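S.K.: Next one to model:
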Amino acid sequence: MPRFPVPAGQARVEEVILHSRFITTVGPAHSVPEAKAFVGHVRAEFSDATHNCFAYLVGPPASSAQVGMSDDGEPAGTAGRPMLAVLSGSGIGDIAAVVTRYFGGTKLGTGGLVRAYSGGVKAGLASLPRMDKITTVKIAACGPYAWIIPMARLLPGFEAAIVAQSYDAEVTWLIQVPEEQHAALVAALLDLSHGQIRLRDA
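M.R.: Residues are numbered from 1 along each chain as shown. Model prediction:
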């Protein structure tokens with residue numbers, strides 16, 4: 001997926017269910033090490049909690065190549081797996097969630113635990129700030145000085161930007177563009193300049 005939503009920051013929600021306190025923290029995880037660091041940070045913050053259960057999904061929404069989860073002492077399958085199921089169905093990628101539980105003395109049962117942990121993640125997602133993650137590519141372009149202004153005017157329409165340029169006998173531009181816009185931008189540049197701008201992938 002060249003473009004998909006990811007967390008733009010963290011969200012935290014809290015709920016008390018049958019005297020147990022559940023604190024859900026959701027945030028970005030652009031790599032497995034980042035996901036593990038996120039989990040470690042929350043665990044350190046709530047080191048006195050009864051459980052710090054987690055799930056993470058690195059990559060596009062619903063991908064399963066880089067996922068992780070833990071029940072952290074809760075009955076098997078009652079915390080990490082339902083949390084991961086919510087993340088996988090959220091339409092958001094590169095995301096991690098930790099649900100911290102302070103046991104209140106009343107057992108919730110298997111179904112109650114699944115509802116508590118999955119519900120906490122759903123509540124966290126509801127208040128989570130989001131942004132698009134965009135896969136980009138670079139194009140090297142070279143052409144006459146006359147194309148400096150037309151180039152600058154054309155690029156924003158393709159969400160593209162000049163990240164470097166140099167001046168010699170001609171101008172050389174290094175352009176960054178969303179992968180999904182690459183072919184259209186190349187066609188537009190060739191059409192605009194009637195072939196005077198030469199292009200190659202950088």
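
S.K.: domains of this protein?
M.R.: For the chain, the structural domains run 3-132, 135-201, going by automatic domain parsing.

S.K.: Name the spans of this structure whose pLDDT lies under the cut-off.
M.R.: Regions of the chain meeting the criterion pLDDT under 70 cover residues 1.

S.K.: Return the most buried member of the domains of the chain.
M.R.: Here the criterion is mean neighbour count by mean count of other C-beta atoms under 10 Å, and of the domains of the chain the winner is domain 3-132, at a mean of 18. The way it works is simple: take the backbone N, C-alpha and C, and place the C-beta from them, glycine included.

S.K.: Endpoints of that one, how far apart?
M.R.: This stretch, domain 3-132, spans 6 Å end to end (C-alpha to C-alpha, to the nearest Å).

S.K.: wait, isn't residue 132 in contact with residue 3?
M.R.: Yes. Taking C-beta atoms under 8 Å as the contact criterion, residue 132 and residue 3 are neighbours in contact, 5.5 Å apart.

S.K.: Run through who's touching the longest helix that the chain contains.
M.R.: In terms of residue count, the longest helix belonging to the chain (DSSP state H) is helix 109-126. When contacts are defined by C-beta atoms under 8 Å, 6 or more residues apart in numbering, helix 109-126 is touched by residues 11-13, 15, 17-18, 20, 22-26, 53, 55, 74-75, 77-80, 82-83, 85-87, 90, 92, 97, 99, 101, 108.
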